[in-house]
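# Test case, fold it:
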Amino acid sequence: MPVVVVPLDTVLQLRLVTGTNPETGKPIIRTKSFSRVKDSAAEQDVFDVANQLVSLQKYTLDETRLNKSFQLTS
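Have a look, this model is predicted:
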């Protein structure tokens, strides 16, 4: 039987540097998540929107992630 892929959820995550750990000197990372991103949205469009959202933040961007979840059935 062929597998059927059912999209469940897509989440855009912005990992922001909110400070520095005084003991280790490593950056403190906080994640801001935006759920219910349309499955049909092109990755470039999501990336462009993410950059616009970052411009509204007071912290600097460490990383942009796009997490997609699927259900696999037969």
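
# From Val4, how far off is the most centrally placed residue in the chain?
For the chain, the residue nearest the mean C-alpha position is Gln13 (2.2 Å; Cα atoms, centre = their mean). As for Gln13, its distance to Val4 is 27 Å (criterion: Cβ to Cβ, to the nearest Å). Where C-beta positions appear, they are placed from N, C-alpha and C, glycine not excepted.

# Beyond the strand ranked longest in the chain, next helix or strand please.
Counting residues, the longest strand found in the chain (DSSP state E) is strand 4-20. Next helix or strand after strand 4-20 toward the C-terminus (DSSP states H and E): strand 27-34.

# low pLDDT regions in this protein?
Applying pLDDT under 70 to the chain flags no residue at all.

# again, 90 this time
Where the chain drops to pLDDT under 90, the residues are 1, 39, 74.

# Report the beta-bridge partner residues of Asn67.
In this entry, Asn67 is beta-bridged to Val11, by DSSP bridges.

# meant to ask about Phe34, not that
Beta-bridge partners recorded for Phe34 (DSSP bridges): Leu12.

# Tell me who's in contact with it.
Contacts for Phe34 (Cβ atoms under 8 Å, 6 or more residues apart in numbering) come out as 11-14, 53.

# and the gap between it and Val5?
Distance, Phe34 to Val5, by Cβ to Cβ: 23 Å.

# before we move on, what about Gly25?
Separation of Gly25 from Val5 (Cβ to Cβ): 44 Å.
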